[in-house]
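J.: sequence plus predicted model, see below.
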Amino acid sequence: MGLFKRFASELWAFKKTVLFVLIPLLASPLLILDPIGDGPSKGAWVVIVMAGYWIFEVVPLAVTSLLPVILYPLLGVQESDDVCRNYLKDTNFLFVGGLIVAVAVEHWNLHKRIALSVLMLMGSQPRWLMLGFMLTTAFLSMWISNTATTAMMIPIAQAVLLQLVGENKKLFKGEEGDDHDAHKVVSSNDDNPPSYQMDGGNDNPLAIMEDEKETQVDGEEKSANKQDFPKNPEIEDTTKEIEESAVTGDTIDWEKLNEEERNLSKGLMLCVCYAANIGGTATLTGTGPNLVIGGVVDDLYGAEAGLNFASWMFFALPGMIINLFLAWLWLQFLYLGRSCVACCRDCTTCITCGKKGNTANKAGHEVIKNEYKKLGSISWAEASVLCHFIVLALLWLLREPGFIPGFPGWSMLFPVSEYISDATAAIFISFLLFVFPSQPPNFLCCRTKNDTSEIGPRPALLDWKTAQRKLPWSVILLLGGGFALADGCQVSGLSHWLGGQFESLSFMSPVTINIIIVTIICFFTEFTSNTATATIFLPILAAVAESICVNPLYLMIPATVVCSYAFMLPVATPPNAIAFSYGTLTVPDMAKAGIVMNIMGICLINLMINTLGAPMFDVFNYPEWAPDINGTCRDVGLTTLSPNMTTMYGATTTCVCY
């Protein structure tokens, strides 16, 4: 038995090496026996190998994404030149352009100014502070990395908590002493996650994160998050009295907080990471899965499908707002609601209301005001970046604004409007950031009287060294690998074969199919990269939709959105891991709050696709731009929900037509 345990432990130590060899071997019958045809078998083998490597992270996700360049030419599926073109497609440049603008926003601390401005407007009550944190985080994560947004907002939330708890202890325990400096949050154990300083040192939270742990944008490097984050340190001096303050210097000992204080801490931590996950779904560039669907739809169906930045935002933004509001209500009920019930019984022990609680709340609000004052007045560079950001958003929204009758969009001003895409606008604004000066020009009449600087060109808003350091190149490779995989599925015939197999699902209502698919993906993405999940499922769902005569967007859009609805586990997304790493939360805490969030997300996205999806994408009709592989999908012009079902117009059909 001892020998077996030793062998098992050593084998476990080499588990990634074992999986590296085992996954291709287990899938090898597809190549040897060729059960589904030469092309589809080879395509299926590549899909299984890449999916296995992505799920178990046998090698880094970006490295796995390079496999199509090796495997497709060797297996005779595609030429190397055709495969490599997938790695720098229009969608990749849309992503790069959006990220360069985000880097400029972070570089000049504009995101921090926006965050603190919103928080100051929300008041000092914990529930309104929570809403302020959620609104700010969600808005920022629409445009910049979810990871960077969370890395910036969590320390601010931690500083507010530090002040709230410190004031509360002084109010209710009658403690005397100096006020606590809430401007930095420092871990009390070297093994705990890194310190995030809010003044001094590196002002860029994303840079701090990258220095301390290799966590990439939007869940793309979950290997850095799958470590067991350490709990709060044990209390070293057991002779200390329980009445001792939970705030010592500039740290919080979570073990000494009472129930109300712990609930407030958990609520604020979760509201930030949940808002980051939800906010990214609102824009086409907000998170990896959204970019994947943009690339896959463009590859399979072209621009005729009508999926662009504007159409996606007008569909996804209302759902994001509703989901954010539901999350706020749920976290209030879970962590603040019961505290407020207790408040009504005994206002002397509650930190969320009452006269004494209000004093503590004002102290927390003072922290936010002090941090904002440190930023000073808005600089030339901040104002310039903000203008570039606003112009980019307008260019994206007004390129083909179907929501404005009679206005064809600015792309019509150019000779061939079809040649212009959202990537064109993104790269144009990104280019300007490397040219526009970061200080007022000092040339001739532009030079002010008090300007004593040396005459010459001002530094640009962004330099390549900064952009190169902060751009997540691994995510760009991951997107390219997904597009190459989808293209290989088409060329090899695997997509057509899968479509034929799923024809048996035509007896089910598309609504039922959608609910099943969304539920599976929502829980599957708790353990795998969001972008990798979208890359694996979306090409398959396109084939499924074509085989059962359903508008492909009806299945693909909900599946894409729920890839970001990973709320239950710390390893699900980097925002979850960052919040968990502070020691306030436990896995059961996240699971209890996250399971309800997952269920609400599943219900909401199915509601949205069956309501707003109709006017935005005409999901209730099988489109002209999708191939009719059965030859019957366009025979019936009326909307149906299942075969042989009488429609609202009284007609009976034999094919599911959307």
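T.: Alright, I've got the coordinates.
J.: count the neighbours of residue 615 for me.
T.: 12 (other Cβ atoms under 10 Å). Using the backbone N, CA and C atoms, a C-beta is placed for each residue, glycine as well.
J.: next one: it relative to residue 450, how far apart?
T.: To residue 450, residue 615 is 56 Å away according to Cβ to Cβ, to the nearest Å.
J.: ok, residue 462 next?
T.: The gap separating residue 462 from residue 450 is 27 Å, by Cβ to Cβ.
J.: so these two - more neighbours on which side?
T.: Shown here are residue 462 and residue 450; by other Cβ under 10 Å, residue 462 has more neighbours (25 against 5).
J.: once you drop chain neighbours, what's closest to that one?
T.: Of all residues not flanking residue 462 in the chain, residue 433 sits nearest, at 4.4 Å (Cβ to Cβ, 6 or more residues apart in numbering).
J.: ok, now how distant is that neighbour from residue 381?
T.: Plainly put, residue 433 is 11 Å away from residue 381 if you go by Cβ to Cβ.
J.: joint contacts of the two?
T.: residue 461 (Cβ atoms under 8 Å, 6 or more residues apart in numbering).
J.: who are the neighbours in contact with the nearest residue to residue 79 once chain neighbours are set aside?
T.: Among residues not flanking residue 79 along the chain, residue 73 sits closest, at 6.5 Å (Cβ to Cβ, 6+ apart). Applying Cβ under 8 Å, 6+ apart to residue 73 gives the contacts 79, 80, 83.
J.: what does the pLDDT read for residue 73?
T.: Residue 73 carries a pLDDT score of 94 in this model.
J.: can you tell me the average pLDDT over stretch 142-155?
T.: 84.
J.: meant to ask about stretch 597-614
T.: The model assigns stretch 597-614 a mean pLDDT of 94.
J.: in that stretch, what counts as buried?
T.: Using 16 or more other Cβ atoms under 10 Å as the test for burial, stretch 597-614 gives 597-598, 600-602, 604-606, 608-610, 612-613.
J.: same check on stretch 621-629?
T.: Burial within stretch 621-629, assessed by neighbour count using 16+ other Cβ under 10 Å, is assigned to 621, 622, 623, 626, 629.
J.: so where's the stretch 251-400 of the chain shaky on pLDDT?
T.: Along the stretch 251-400 of the chain, the parts satisfying pLDDT under 70 run over 251-256, 337-364.
J.: quick one: which of the contacts of residue 73 has the most company?
T.: Neighbour counts for the contacts of residue 73, by other Cβ under 10 Å, peak at residue 83, which reaches 24 neighbours.
J.: in this structure, which spans are strands?
T.: Listed in chain order, the strands of the chain (DSSP state E) span 184-185, 196-197, 247-248, 251-252.
J.: least reliable of the ones you listed going by mean pLDDT?
T.: Taking the mean pLDDT of the strands of the chain, strand 196-197 comes last: a mean of 32.
J.: which ones are touching residue 305?
T.: For residue 305, the contact set (Cβ under 8 Å, 6+ apart) comprises 297, 298, 552, 553, 623, 625.
J.: how close does it get to residue 541?
T.: Distance, residue 305 to residue 541, by Cβ to Cβ: 14 Å.
J.: need the overlap of contacts for those two.
T.: Common contact partners of residue 305 and residue 541 (Cβ under 8 Å, 6+ apart): residue 552.
J.: show me what contacts the residue lying closest to residue 157 once chain neighbours are set aside?
T.: Nearest residue to residue 157 in three dimensions, chain neighbours excluded: residue 268, at 4.7 Å (Cβ to Cβ, 6+ apart). Residues near residue 268 by Cβ under 8 Å, 6+ apart: 126, 129, 130, 133, 157, 160, 161.
J.: from those residues, which land in helices?
T.: 126, 129, 130, 133, 157, 160, 161 (DSSP state H).
J.: show the contacting residues for residue 527.
T.: 55, 569, 571, 572.
J.: pLDDT wise, what is the residue nearest to residue 473 when sequence neighbours are not counted at?
T.: Counting by Cβ to Cβ, 6+ apart, residue 473 lies nearest to residue 62, which is 7.5 Å off, once chain neighbours are set aside. For residue 62, the pLDDT comes out at 88.
J.: what about residue 439, neighbour count?
T.: 14.
J.: equivalent analysis for residue 13, please.
T.: Count around residue 13 with other Cβ under 10 Å applied: 10.
J.: and if you look at residue 512?
T.: For residue 512, using other Cβ under 10 Å, the count is 12.
J.: that older thread, in helices, which of the contacts of residue 305 fall?
T.: Among the contacts of residue 305, the residues falling in helices (DSSP H) are 297, 298, 552, 553.
J.: surely the last one meets residue 616?
T.: What it means is residue 553. No - here residue 553 does not reach residue 616: they are 9.2 Å apart, not a contact under Cβ atoms under 8 Å.
J.: which one's more surrounded, those two?
T.: residue 553 (28 against 22).
J.: and the pLDDT for the more buried one?
T.: Predicted confidence (pLDDT) for residue 553: 94.
J.: and stretch 366-383, end to end?
T.: Stretch 366-383 has an end-to-end distance of 25 Å (Cα to Cα, to the nearest Å).
J.: contacting residues around it?
T.: 108-110, 112-113, 116-117, 119-120, 156, 159-160, 162-163, 182-183, 198-199, 438-440, 461.
J.: list the buried ones in it?
T.: The neighbour-count check on stretch 366-383 (16+ other Cβ under 10 Å) flags 367, 368, 370, 371, 372, 375, 379, 381, 382 as buried.
J.: pull the distance from that stretch to the chain's centre.
T.: Centre-to-centre, stretch 366-383 and its host chain are 27 Å apart (Cα atoms, centre = their mean, to the nearest Å).
J.: check stretch 428-436 too.
T.: For stretch 428-436, the distance to the chain centre is 26 Å (Cα atoms, centre = their mean).
J.: CA-only coordinates of it in PDB, if you can.
T.: Output of stretch 428-436 as PDB, limited to C-alpha atoms (Å, rounded to 0.1, in the frame of the first residue of the first chain):
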ATOM      1  CA  PHE A 428      -7.200  55.000 -36.100                       C
ATOM      2  CA  ILE A 429      -7.700  56.300 -32.600                       C
ATOM      3  CA  SER A 430      -4.900  54.100 -31.300                       C
ATOM      4  CA  PHE A 431      -2.600  55.600 -33.900                       C
ATOM      5  CA  LEU A 432      -3.500  59.100 -32.800                       C
ATOM      6  CA  LEU A 433      -2.600  58.300 -29.200                       C
ATOM      7  CA  PHE A 434       1.000  57.800 -30.300                       C
ATOM      8  CA  VAL A 435       1.000  61.300 -32.000                       C
ATOM      9  CA  PHE A 436      -1.100  63.600 -29.800                       C
END
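J.: appreciated, that's everything.
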